[in-house]
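1. Please find the sequence and the predicted model below.
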Amino acid sequence: MDGGKRHRSNCTKQDQTAQATMLKNGKYNRESSPERVTLKKEIGLVSACAIIIGNIIGSGIFISPKGVLEHSGSVGLALVIWVLGGGITVLGSLCYAELGVTIPKSGGDYSYVTEIFGGLVGFLLLWSAVLIMYPTSLAVISLTFSNYVLQPVFPDCIAPYNASRILSTVCVLFLTWVNCSSVRWATRIQDVFTAGKLLALGLIITVGLVQICKGNYKWLEPQAAFDFWKTPSVGEIALAFLQGSFAFSGWNFLNYVTEELVDPRRNLPRAIFISIPLVTFVYTFTNIAYFTAMSPEELLSSNAVAVTFGQKLLGAMSWIMPISVALSTFGGINGYLFTSSRLCFSGAREGHMPSLLAMIHFKNCTPIPALLVCCTATIVIMFIGETYTLINYLSFINYLCYGVTITGLLVLRWRKPNLFRPIKVNLLIPVTYLIFWAFLLIFSLYSEPVVCGIGLVIILTGVPVYFLGVYWKNKPKCLDNFIESITYSGQKLCYVVYPQHVEAEEETPLDCSQKSEA
């Protein structure tokens, strides 16, 4: 059921003879190829930080302020929720840093849960991620991109449904092509657009600070900030956290590409420690800036918070805001495609998804089938969902998966106390995170039982799929032949093969005693 553990190293160019033999008879001939085809280690520290920041700062900071404020009932509590959301994200990222360097495999949550809890739990996490979490995130970010691009064309009304969907689809297809063509191109786009989105948010923060210096901070004074226009229930506060958590989602995505990271045991934790505090700072001060220009009523009535901010304060230069948001979301789409495709790749490698998804292009070394699956699922979700409902589904399932993964850290500590851990966090960190996690899920379930219930049903639909597709080994020969023919056709269409690996270079977690002997 589960595949063997494998290690990746740099991809090298194939000579013409090797290329000709790669897809002979629909199979990859390992003996006839003189060199290896495998995923490239091309992600350094700067690109690693760009992946984390670029995935977190997508559309959330331009959508979630409205949802957080609506549920919290006051400006002051909304800002407190943003700060606490960043703090909780830091706790979670510390736990993921330990798991990432202890189990140095691509796939993030899925790889850790599968390693610790076994195939069924890992498959359910993979199922919910591939079916709803990442296609939904990509759909929301893509729709935000199209809405902001079209905003100057339709300044007084919402962009037409078909226009926004078509533009979103074109954007997703283009970035899928880029990711299929080159890892280097994809990471360069991520670097450039991450810098661009930080500059855009830096502009908002700078304008906000100028406003504060001019004395325009009425809604930030304690008396006004904590003047509740409604008293939020505990359940509503939990929903406010869920809305804010959407803006922070993506903080764990570097763990999905661990095997493509240069020196992961150093660069993974360093990238996390640099990126998460920076994003928390930017998010908090961006929200403060919003309230220097808008009253709570204006923010709640705005469908494009950053555009409204620009129209009120930038005058003739207000066009900068929709363009900046569009560039920010464009980079976010690229980052989500890059990382979520590696989750499909890891699941297929472990035998939990069709084997075609575990193959990479023989020359570009990119997981083309996995990228095409992510692209297709995103486009389908894009045409059937509504933004704020999608965010609630997504946030609940996201937090459920985070909690299961961090529970796995405690289980792994108990089962394998001598396992070599380059980073070992204090136990108070995962325990604190899990207490907050339990509070959030329980009260969210109480406040929005239908939304959360549907999220649970989506996850549980994976149980029969697991037993039919993964656990059931002796399938009818006709079914096996059909799957083989589909795989063969996919190989010919995408020109992909299984990655090659050198077992002698395999990295596996060692016990402390084994490490000392080595």
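-> Cool, the structure landed.
2. all helices for the stretch 51-200 of the chain, in order.
-> Assigned by DSSP state H, counting those that start in this stretch, the helices in the stretch 51-200 of the chain fall at 60-72, 75-102, 109-117, 119-128, 134-150, 161-181, 183-213.
3. just checking, what packs against the third one?
-> Based on contacts counted as 3 or more C-beta pairs under 8 Å, 6 or more residues apart in numbering; DSSP states H and E, the elements that helix 109-117 packs against are helix 119-128, helix 320-349, helix 387-415. Quick note: C-beta positions are derived from backbone N, CA and C, even for glycine.
4. Can you check which of those helices gets nearest to Tyr498?
-> Nearest to Tyr498, of all the helices and strands packed on helix 109-117, is helix 320-349, at 9.0 Å by C-beta to C-beta.
5. buried sites along that closest one?
-> 321-349 (16 or more other C-beta atoms under 10 Å).
6. And stretch 455-472, by the same measure?
-> Residues 455, 458-459, 462, 466, 470 are the ones in stretch 455-472 that count as buried (16+ other C-beta under 10 Å).
7. mean confidence for stretch 127-146?
-> The average pLDDT for stretch 127-146 rounds to 84.
8. that older thread, I'd like the helices and strands packed on helix 109-117 as CSV, with distance to Arg265 appended.
-> As requested, the helices and strands packed on helix 109-117 are arranged in CSV below (distance: least, C-beta to C-beta, whole Å):
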stretch, distance to Arg265
helix 119-128, 23
helix 320-349, 18
helix 387-415, 17
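9. Which one of these has the poorest average confidence?
-> Checking each of those, the one with the poorest mean pLDDT is helix 387-415, at a mean of 80.
10. coming back round to it: out of the helices and strands packed on helix 109-117, which is closest to Ile141?
-> The closest of those to Ile141 is helix 320-349. By C-beta to C-beta, the value is 4.7 Å.
11. Name the strands paired with the following helix or strand past the closest one and say parallel or antiparallel.
-> The helix or strand immediately downstream of helix 320-349 is strand 360-361, counting by DSSP states H and E. In the sheet, strand 360-361 lines up against strand 496-497 (antiparallel) (DSSP bridges).
12. for the buried residues of stretch 455-472, which one is nearest Lys363?
-> The nearest member of these to Lys363, counting by C-beta to C-beta, is Val470 at 31.1 Å.
13. what about the stretch 51-200 of the chain, any weak spots by pLDDT?
-> Along the stretch 51-200 of the chain, segments meeting pLDDT under 70 span 58-59, 63.
14. at 90 what do you get?
-> Residue ranges of the stretch 51-200 of the chain with pLDDT under 90: 51-74, 85-90, 93-94, 96-98, 100-111, 118-119, 125-165, 181-200.
15. mind checking which of the helices of the stretch 51-200 of the chain is nearest Val425?
-> Nearest to Val425, of all the helices of the stretch 51-200 of the chain, is helix 75-102, at 5.0 Å by C-beta to C-beta.
16. what angle separates that closest one from helix 109-117?
-> Between helix 75-102 and helix 109-117, the angle comes out at 60 degrees (axes from the mean of the first three to the mean of the last three C-alpha atoms, to 10 degrees).
17. Report the buried residues of helix 75-102.
-> Neighbour-count burial for helix 75-102 flags 75-82, 85-86, 88-102 (criterion: 16+ other C-beta under 10 Å).
18. Kindly calculate the angle that that helix makes with helix 60-72.
-> Angle, helix 75-102 to helix 60-72, by the same axes, to 10 degrees: 130 degrees.
19. about what we covered before: so which of the buried residues of stretch 455-472 belong to strands?
-> Assigned to strands by DSSP state E, none of the buried residues of stretch 455-472 qualify.
20. Quick one: closest of the helices and strands packed on helix 109-117 to Thr194.
-> Closest to Thr194 of those, according to C-beta to C-beta: helix 320-349, at 5.8 Å.
21. Kindly calculate the angle that that closest one makes with helix 161-181.
-> Using the same axes, to 10 degrees: helix 320-349 against helix 161-181 is 50 degrees.
22. Could you report the distance from Leu150 to Leu456?
-> Separation of Leu150 from Leu456 (C-beta to C-beta, to the nearest Å): 36 Å.
23. before we move on, back to that, of all the helices of the stretch 51-200 of the chain, which lies closest to Asn474?
-> For the helices of the stretch 51-200 of the chain, proximity to Asn474 was assessed by C-beta to C-beta; helix 119-128 is nearest, at 17.2 Å.
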